[in-house]
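>>> When you get a sec, could you give me coordinates for this:
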Amino acid sequence: MDDARPPKTVTAFDVFLAFLKQGLTAFGGPVAHLGYFRKEFVERRGWVSEATFADLLALCHFLPGPASSQLGMAIGLRQAGLAGALAAFAGFTLPAATAMIAFAYFATGLEARFGGGWIHGLKVAAAAVVLQALASMARTLAAGPIRAGMAIGAGLGLALASGGPVAQVGVILAGGAFGFALLRDTPAEQAPDAASEAIDIDSAIIALCLFAGLLLALPFFAALLQNPGLGLASVFYRTGALVFGGGHVVLPLLESEVVDRGWLDQDTFLAGYGAVQALPGPLFSFAGFVGAAQGYGPRGVAGGLIAVFSIFLPSLLLIIGVLPFWDRLKTEAWARGALAGVGAVVVGLLGAALWDPVLSSTVERPSDWALIAAAFVFLQVAKLPPWLVVVGFAVATGVFL
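Okay, the predicted model is just below:
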């Protein structure tokens with residue numbers, strides 16, 4: 001008798017619970033989130049392969065918006081269609097967004113109340129998570145002299161150029177060009193994923209039209225109707241649609257949109273930005289704080305929710321609109337070579353990000369190197385779950401530093 005059973009279908013609720021775990025435990029900012037996602041969805045659950053994870057990550061670096069949140073939406077889309085993408089967004093984002101909206105009601109003196117030692121512990125653990133992800137991805141995606149050389153060259157180039165979104169996109173384009181020239185014999189590692197079944201081409205085109213249409217229509221109707229709610233949505237939608245480079249880049253854009261307009265004073269703005277660094281989940285959840293605390297449109301919970309959904313909506317529309325075309329493109333032999341090159345330089349990109357901003361903002365004294373090494377041993381050798389290492393180091397440094 002054959003006891004073989006078909007694989008369990010992943011539902012949108014399964015996706016929500018998986019990303020809710022990330023939203024509650026994924027400390028350390030956007031680069032660290034990639035390490036957490038890889039461990040959970042590549043190693044533990046097997047929802048995507050290492051190669052698929054890398055090419056989705058490359059796609060998300062091409063697109064404006066928060067790369068880690070977009071990666072989560074793409075994984076959710078593959079598993080459970082549009083409902084899965086929405087579930088991934090909700091699970092990953094709402095815990096931090098809820099906390100940031102709550103912070104808006106008592107924004108001043110956060111660090112004075114709680115101290116800075118535990119925040120330092122979060123950074124130390126996050127650095128170890130990124131290091132573990134870098135080591136694991138390098139073994140798979142930068143194997144062989146050509147790919148290893150491309151990864152090292154990309155990492156050194158980004159480090160010397162001080163990174164930046166333009167440099168990152170340039171490195172990915174260069175990786176694709178080198179892969180096209182040198183790695184065209186890369187075999188197909190798996191069958192094409194099911195994104196084309198989850199979202200058809202017509203729906204993808206509608207999503208892209210909505211993305212462009214809202215970018216043009218929201219400011220027009222906000223001015224025409226003199227509606228503060230639409231004006232608030234317009235500012236945050238434009239920020240989410242135009243910010244390249246991830247969560248940290250949102251700071252100067254929102255500052256120019258909100259502080260320079262007099263909607264929020266700079267001290268409160270920076271206090272909220274400092275608080276979001278200590279929370280799990282995406283840095284873009286900072287929008288919830290700004291929306292709740294600003295003095296232009298609807299405030300409190302209503303303003304926070306408008307800001308959060310407006311800043312993430314462009315990412316959702318772009319993932320729905322671009323991913324089916326991306327899947328069809330990568331079935332071509334020449335495209336597989338280009339993607340192999342992109343995967344190699346993504347390793348270098350992650351290495352450059354490990355150096356700056358992760359290590360450059362974490363290492364304050366020589367003993368921090370030992371703390372990072374210890375956290376890495378707990379993760380890689382002792383195989384402790386990342387959330388436990390993160391919480392343990394936050395508590396330990398909060399008590400002793």
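>>> which parts of stretch 389-401 are buried?
Taking 16 or more other Cβ atoms under 10 Å as the neighbour-count basis, stretch 389-401 is seen to contain the buried residues 389-391, 393-394, 396-398, 401. The way it works is simple: take the backbone N, C-alpha and C, and place the C-beta from them, glycine included.
>>> for the helix or strand containing Met150, packing partners?
In the assignment (DSSP states H and E), Met150 maps to helix 145-160. Applying 3 or more Cβ pairs under 8 Å, 6 or more residues apart in numbering; DSSP states H and E, one finds that helix 145-160 contacts helix 117-141, helix 165-182, helix 333-353.
>>> Restricted to helices, list the buried residues of stretch 389-401.
Among the buried residues of stretch 389-401, the members falling in helices are 389-391, 393-394, 396-398 (criterion: DSSP state H).
>>> Adding pLDDT and distance to Asp267, write those residues out as a markdown table.
Output for those, formatted as a markdown table (pLDDT from 0 to 100; distance: Cβ to Cβ, whole Å):
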| residue | pLDDT | distance to Asp267 |
| --- | --- | --- |
| Val389 | 83 | 33 |
| Val390 | 77 | 29 |
| Val391 | 79 | 30 |
| Phe393 | 84 | 29 |
| Ala394 | 79 | 25 |
| Ala396 | 84 | 31 |
| Thr397 | 82 | 26 |
| Gly398 | 73 | 24 |
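>>> Pick the one among the residues you listed closest to Arg365.
Thr397 (11.7 Å; Cβ to Cβ).
>>> check contacts around that closest one.
Contacts of Thr397 were listed using Cβ atoms under 8 Å, 6 or more residues apart in numbering, and they are 117-118, 120-121, 124, 371.
>>> Of these, which count as buried by neighbour count?
Burial of the contacts of Thr397 was assessed by neighbour count (16+ other Cβ under 10 Å); the buried members are 118, 120-121, 124, 371.
>>> which residues of the stretch 251-400 of the chain fall in helices?
With DSSP state H, counting those that start in this stretch as the criterion, the stretch 251-400 of the chain has helices at 266-276, 286-293, 300-329, 333-353, 360-362, 367-380, 386-400.
>>> Of all those helices, which one comes closest to Ala80?
helix 300-329 (13.2 Å).
>>> between the closest one and helix 333-353, how many degrees?
Taking axes from the mean of the first three to the mean of the last three Cα atoms, to 10 degrees, one finds helix 300-329 and helix 333-353 inclined to each other by 140 degrees.
>>> Please identify the buried residues of helix 300-329?
Within helix 300-329, the residues that qualify as buried by neighbour count (16+ other Cβ under 10 Å) are 301, 303-324, 326-327.
>>> returning to that earlier point: right, and out of the buried ones among the contacts of Thr397, which lies closest to Ala344?
Within the buried ones among the contacts of Thr397, proximity to Ala344 (Cβ to Cβ) peaks at Val124, which comes in at 28.4 Å.
>>> Enumerate every residue touching the closest residue to that closest one other than its chain neighbours.
Using Cβ to Cβ, 6 or more residues apart in numbering and skipping the chain neighbours, the partner closest in space to Val124 is Leu371 (4.7 Å). The neighbours of Leu371, taking Cβ under 8 Å, 6+ apart as the test, are 124, 393, 397.
>>> Any chance you could spot the residue sitting in the middle of the protein?
Compute the mean C-alpha point of the chain, and by Cα atoms, centre = their mean the closest residue is Ser68, 1.4 Å away.
>>> wait, isn't that one in contact with Phe37?
Yes: using Cβ atoms under 8 Å as the test, Ser68 is close enough to Phe37 to be in contact (6.9 Å).
>>> in the stretch 1-150 of the chain, which spans are helices?
Chain-ordered helices for the stretch 1-150 of the chain, with DSSP H, counting those that start in this stretch as the definition, fall at 12-25, 30-37, 50-62, 67-103, 110-114, 117-141, 145-160.
>>> that older thread, right, and the pair among the ones in helices among the buried residues of stretch 389-401 with maximum separation?
Comparing every pair within those by Cβ to Cβ identifies Val389 and Gly398 as the most remote, at 14.6 Å.
>>> And the closest residue to the residue nearest to the centre of the chain other than its chain neighbours, what's its pLDDT?
Closest residue to Ser68 apart from its sequence neighbours, by Cβ to Cβ, 6+ apart: His33 at 3.7 Å. The confidence metric pLDDT takes the value 88 at His33.
>>> List the contacts of His33.
By Cβ under 8 Å, 6+ apart, the contact set of His33 is 22, 26, 68, 71, 282.
>>> Then Ser234?
Applying Cβ under 8 Å, 6+ apart, we find Ser234 in contact with 218-219, 222, 310.
>>> Which residue, other than its chain neighbours, is closest to it?
For Ser234, the spatially nearest residue (Cβ to Cβ, 6+ apart) is Leu218, at 3.9 Å.
>>> May I ask which helix or strand encompasses that neighbour?
Going by DSSP H and E, Leu218 is in helix 201-225.
>>> now that helix against helix 67-103, angle please.
Computed by the same axes, to 10 degrees, the angle separating helix 201-225 from helix 67-103 equals 40 degrees.
>>> Which positions within helix 201-225 qualify as buried?
Per 16+ other Cβ under 10 Å, helix 201-225 contains these buried residues: 204, 207-208, 210-211, 214-215, 218-219, 222.
>>> swap in stretch 138-151?
Neighbour-count burial for stretch 138-151 flags 138, 140-142, 146-148, 150-151 (criterion: 16+ other Cβ under 10 Å).
>>> Just give me the closest of the ones in helices among the buried residues of stretch 389-401 to Asp260.
Distances from Asp260 to those, taken as Cβ to Cβ, are shortest for Ala394 (34.2 Å).
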